[in-house]
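1. Sharing a model prediction with you, sequence too.
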Amino acid sequence: MKVRVDADRCQGHTLCNIAAPSMFRLRDEDGHAYVDAPEVRPELEAAVRDAGATCPERAIQIEE
Amino acid sequence: MSVDRLVVVGASLAGLRAVEAARRAGFTGSVTLIGDEPHLPYDRPPLSKAVLEPDTAVDAPTFRSLDTLHREMRVDLRLGERAAGLDPRRGVVCVDGTEVGYDALVIATGSVPRMLPGADHLDGVHALRTIDDARAIRAALDGGARTVLVGAGFIGAEVASAARKRALPVTIVEALEVPLLHAVGAEMGAALAELHRRNGVDLHCGVQVLGVEGEQHVERVRLSDGTAVDADLVVVGIGSTPATGWLDGSGVTVEAGVVCDETLASSTPGIYAAGDVVQWHNPAFGEPMRLEHWTSAAEQGAIAAANAVALAPAKTYATVPYFWSDWYGHRIQFVGLAAADEVSVAAGSLDPERFIALYRRGDRLIGALALNCPAQIMKYRALIAKNASWSDALEFAQARPLAATQSH
């Protein structure tokens, strides 16, 4: 699985960081999310899917 | 008894998340999604934000394509069909003269906006709930409408923002003394009201609409303070009531929403509820509540359906409520509950328009309001979830002063 945050859609609700904190980092200034690297370890896949579902802006793009 | 047929009534966010969750849980039986709007499930927050933005194309913010729903998720869609009744003894939903049988049911019929009595004979008077409402409002704004908002809630405020972006004359009429009394409390409601005034909106509080006047189209709004405001567009945002009328006679317990326990199970076996329509017992606060928030609709839809198809032990739904609203380029966010013994601005201030306000109930942090502090607000949500004490919360806030120069 690969994941990225669409920076144009992200509004900084930070809900993804709650669902999968080790995957989704937050910028200090505005709480917008980003990932360090797109590859998702198998044990984090469920949390990343939850993060995708929890984002009100549909900013989380998951490639299964 | 195994569940072979899941029926979800209500095809907006909660209903969509319900059918997604059923398939994700491994449910292989039939899934039927019934919705009274003729549209594929779509997102509501953009209706008062992106859809009203000047100089952009207006697309319905659809969640999933017909192809995905129908072929990939094998959902039987019945759109543009309104559920008229429910008979739990025979396990059927009555829809448009037909009966749809179920083994498990998720009620996700949402809420219905309150309208102004006596206003439906005139064009140009709208609630804002559907994409059709949003398109009509958008057209009026693009046409340069003198805009009156009835109700200084989030609908009123966001449409006011859209109107002011076009430099249109805007009046907000609020019956209570202060906007957002129930959402954020009186003190913070008064503080946020300043944002309207600073952005050129004429805000009247403690004033009611006596009537709307005009030939076929609205021309003016008459107010209880004896004045009248000329208007081409009137948007009514005075709250909404849960859509439970269709459950009359079904035996399902309804009281300001479908009454459910912490697993979102209703009083009737096999029937669950989610979203704006449900009043459920929230273990995070030990009390029943009904939320009209995006995050809880999505989460409740998923949990209600997973519990309904019963392929795994039932999960409870506990949440610290969260909502957000965008006014004149400002981001307002609230977590927790606003019914509090005390509110204190713990960091920042209204000038320069960045602050965190904390809400105390007894000795506990019960809520937090952020204006333009998006990176901070979720930390308070976590504190509330952990039952943080008031003194711990204040200490936490004081350790994190807001830098005045950070942009929002």
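-> In hand now; what should we look at? Numbers count the residues shown, from 1 in each chain, chains lettered A, B, ... in the order given.
2. quick one: contacts for the one residue sitting closest to the centre of chain B?
-> Nearest residue to the geometric centre of chain B (Cα atoms, centre = their mean): residue B:292, 3.6 Å. Applying Cβ atoms under 8 Å, 6 or more residues apart in numbering or on different chains to residue B:292 gives the contacts B:111, B:240, B:276. No exception for glycine: its C-beta is placed from N, CA and C like everyone else's.
3. Repeat that for residue B:9.
-> B:15, B:34, B:83, B:93, B:105-109.
4. PyMOL command to pick out the buried ones of those?
-> To isolate the buried ones among the contacts of residue B:9 in PyMOL, judged by 16 or more other Cβ atoms under 10 Å in any protein chain shown, type:
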select buried, chain B and resi 15+34+83+93+105+106+107+108+109
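5. Just the ones in strands from the contacts of residue B:9, please.
-> By the criterion of DSSP state E, membership of the contacts of residue B:9 in strands covers B:34, B:83, B:93, B:105-107.
6. For chain B, give me its nearest residue in chain A.
-> Using Cβ to the nearest Cβ, residue A:31 is the residue of chain A that sits closest to chain B, at 3.6 Å.
7. Can you pull up the residues of chain A that come close to chain B?
-> Within chain A, the positions near chain B by Cβ under 8 Å from any Cβ of the partner chain are A:11-15, A:17-18, A:26-31, A:53-54, A:56, A:58.
8. Now do the helices in chain A.
-> A:15-19, A:45-54 (DSSP state H).
9. Including mean pLDDT, could the ones you listed go into CSV?
-> Conversion of those to CSV gives the following (pLDDT from 0 to 100):
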stretch, mean pLDDT
helix A:15-19, 92
helix A:45-54, 92
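10. okay, these, which one's buried deepest?
-> Sort those by mean neighbour count, taking mean count of other Cβ atoms under 10 Å in any protein chain shown, and helix A:15-19 sits at the top with a mean of 21.
11. name the helices or strands packed onto that one?
-> helix A:45-54, helix B:377-385 (3 or more Cβ pairs under 8 Å, 6 or more residues apart in numbering or on different chains; DSSP states H and E).
12. would you turn those helices into JSON lines with distance to residue B:51?
-> Below are the helices and strands packed on helix A:15-19 laid out as JSON lines (distance: least, Cβ to Cβ, whole Å):
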{"stretch": "helix A:45-54", "distance to residue B:51": "22"}
{"stretch": "helix B:377-385", "distance to residue B:51": "25"}
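13. Quick one, which of those helices gets closest to residue B:50.
-> Residue B:50 sits nearest to helix A:45-54 of all the helices and strands packed on helix A:15-19, at 19.4 Å, using Cβ to Cβ.
14. give the contact list for residue 37.
-> This is for chain A. Per Cβ under 8 Å, 6+ apart, neighbours of residue A:37: none.
15. actually chain B
-> Per Cβ under 8 Å, 6+ apart, neighbours of residue B:37: B:11-12, B:79-80, B:130-131.
16. Nearest to residue B:375, out of those residues: which one, please.
-> residue B:12 (29.9 Å).
17. Is residue B:344 bridged to anything, and to what?
-> residue B:358 (DSSP bridges).
18. same thing with the one 4 residues further on?
-> When assigned by DSSP bridges, residue B:348 has beta-bridge partners residue B:355.
19. So it versus residue B:394, what's the distance?
-> Here residue B:348 is placed at a distance of 14 Å from residue B:394 (Cβ to Cβ, to the nearest Å).
20. Looking at these two, which one has more neighbours?
-> residue B:348 (22 against 17; other Cβ atoms under 10 Å in any protein chain shown).
21. Count the residues that sit near residue B:215.
-> 8.
22. which residues pair with the closest residue to residue A:52 other than its chain neighbours across the strands?
-> Excluding the flanking residues, the one nearest residue A:52 by Cβ to Cβ, 6 or more residues apart in numbering or on different chains is residue A:60, at 4.2 Å. Listed by DSSP bridges, the beta-bridge partners for residue A:60 are residue A:5.
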